[in-house]
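Asks: Below: sequence and its predicted model.
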Amino acid sequence: ILDHFQVSLFSLAVVLSGFIMTVCFLPETLPMDVAWEAKEKRLTDRKALGELTQFQVYARHATRPMRELSILNRNRLFRLLSSLAFFSGMVTSGDRTLLLYYAQERFSFNDKDIALMFFLMGVLGILVQGLLIKPINDCIGERLVIVVAFLLGTLHNVIYGLATCKTHIFIAIIISSFTGMAFPTISAIKSNNVNESEQGRIQGALYSLQALASALGPVLLRAVYKRTRDNAYPGPGTMFIFAAALELVAVACAYGLPKDQANSSQRKENDSDDMDGLKSDGGSEHTSSSIL
């Protein structure tokens, strides 16, 4: 119905509409007291900069990114989650960047096939992340959600690599929609394990790491492609087999996440037990003082 230029204009209109809706209608989620606390901290930091030499100020600004990213190395949980975010960003970016060219070159995808591919990605992505992720999370917990997401990521990359027809590619795309559960869940676990005043810092560090991974992913898979494209079956598909191997490493990392910190339901139970223990201790002390 639309030519390529008209499709581009329509896509631009959709993006602009989303931007306008975000600016005008999306409510602020940061509590006012946390915002004021962050503002006061920035003012204190500015005053401290006034006491430094010009060289020290430049050095402080130059090393700030590393200081902000250091939160990712706070403990074992954060190191594992950072590894998972890195694997997720690298493989997802590599898949999305190279799949289209792979499908066109090997399976002669035309405009209709490409439109169907992106339609499936969009609709199933909305379905999984908008409707399914919460009940799945409530049923098996955040830790196993990540494990399942990376297992399905392994499966769909293997199907990409071993595919022999268009149908196989579309089946893999349907499965790949469930891998989108990984990064939001990783982000949620990290947010649940920091103070409110650190929410912005942890999210910024996490997305910075993912951005780095997104840059490395296509480069790495492209390097594998160059070395294997003339080989026997699966030939060019070997890059997706390599991506599946990375996803398997991520599965092992996800399985190693501590349940008491990763699963929000278990954290709430532990907090409730702690509160009951405190109340019990308080009641015992009160009884003892009454006897005395």
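Replies: Arrived safely.
Asks: where in this structure is pLDDT low?
Replies: In the prediction, the chain carries residues with pLDDT under 70 at positions 1, 266-292.
Asks: does the residue nearest the centre of it sit in a helix or strand, and which one?
Replies: Taking C-alpha atoms, centre = their mean as the criterion, Phe183 is the residue nearest the geometric centre of the chain, at 2.2 Å. For Phe183, the element it lies in under DSSP states H and E is helix 182-192.
Asks: Report the angle between the top helix by length along the chain and helix 182-192.
Replies: Criterion DSSP state H: the longest helix present in the chain is helix 76-107. When axes from the mean of the first three to the mean of the last three C-alpha atoms, to 10 degrees is applied, the directions of helix 76-107 and helix 182-192 differ by 170 degrees.
Asks: Pull out the buried residues from whichever helix or strand comes after helix 76-107.
Replies: Helices and strands here follow DSSP H and E; after helix 76-107, the next one along the chain is helix 111-127. Within helix 111-127, the residues that qualify as buried are 113, 117, 121, 124, counting by 16 or more other C-beta atoms under 10 Å. C-beta: built from backbone N, CA, C; applies to glycine.
Asks: The following helix or strand past helix 111-127 packs against which elements?
Replies: Scanning forward in sequence from helix 111-127 by DSSP H and E, the next helix or strand is helix 133-162. Using 3 or more C-beta pairs under 8 Å, 6 or more residues apart in numbering; DSSP states H and E as the contact criterion, the elements in contact with helix 133-162 are helix 76-107, helix 166-176, helix 182-192, helix 238-255, helix 259-262, helix 264-291.
Asks: would you turn the ones you listed into a markdown table with distance to Leu43?
Replies: Written out in a markdown table, the entries for the helices and strands packed on helix 133-162 read as follows (distance: least, C-beta to C-beta, whole Å):
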| stretch | distance to Leu43 |
| --- | --- |
| helix 76-107 | 28 |
| helix 166-176 | 46 |
| helix 182-192 | 25 |
| helix 238-255 | 40 |
| helix 259-262 | 33 |
| helix 264-291 | 33 |
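Asks: and Met66, which of the ones you listed is closest to it?
Replies: Of all the helices and strands packed on helix 133-162, it is helix 76-107 that lies closest to Met66, at 14.0 Å by C-beta to C-beta.
Asks: Give the buried residues for the closest one.
Replies: By neighbour count on 16+ other C-beta under 10 Å, the buried set for helix 76-107 is 77-78, 80-95, 97-99, 102-103, 106-107.
Asks: next one: it to chain centre, how far?
Replies: From the chain centre to the centre of helix 76-107 is a distance of 11 Å (C-alpha atoms, centre = their mean, to the nearest Å).
Asks: How far away from the center of its chain is stretch 47-63?
Replies: Offset of stretch 47-63 from its chain centre (C-alpha atoms, centre = their mean): 33 Å.
Asks: oh sorry, the question was meant for stretch 109-119
Replies: Taking the mean C-alpha point of stretch 109-119 and that of its whole chain, the gap between them comes to 26 Å (C-alpha atoms, centre = their mean).
Asks: picking up where we left off before, the residue nearest to the centre of the chain against Phe86, yeah?
Replies: No: with contact taken as C-beta atoms under 8 Å, Phe183 and Phe86 are classed as non-touching, separated by 10.7 Å.
Asks: shared neighbours of these two, anything?
Replies: With contacts taken as C-beta atoms under 8 Å, 6 or more residues apart in numbering, Phe183 and Phe86 have Gln210 as neighbours in common.
Asks: contacting residues around the helix or strand Arg67 falls within?
Replies: Under the criterion of DSSP H and E, Arg67 resides in helix 54-69. Residues external to helix 54-69 that are found in contact with it (C-beta under 8 Å, 6+ apart): 49, 52, 201, 204-205, 208-209.
Asks: redo that, cut-off 10 Å
Replies: Taking C-beta atoms under 10 Å, 6 or more residues apart in numbering as the criterion, the residues outside helix 54-69 that touch it are 45, 48-53, 82, 200-202, 204-206, 208-209, 212.
Asks: That one versus helix 76-107: what angle between them?
Replies: Helix 54-69 and helix 76-107 meet at an angle of 80 degrees, taking the same axes, to 10 degrees as the criterion.
Asks: Tell me the buried residues in helix 54-69?
Replies: Leu69.
Asks: So what's the gap between it and the chain middle?
Replies: Centroid separation for helix 54-69 versus its chain: 27 Å, with C-alpha atoms, centre = their mean.
Asks: With stretch 154-162 instead?
Replies: In terms of C-alpha atoms, centre = their mean, the gap separating the centre of stretch 154-162 from the centre of its chain is 21 Å.
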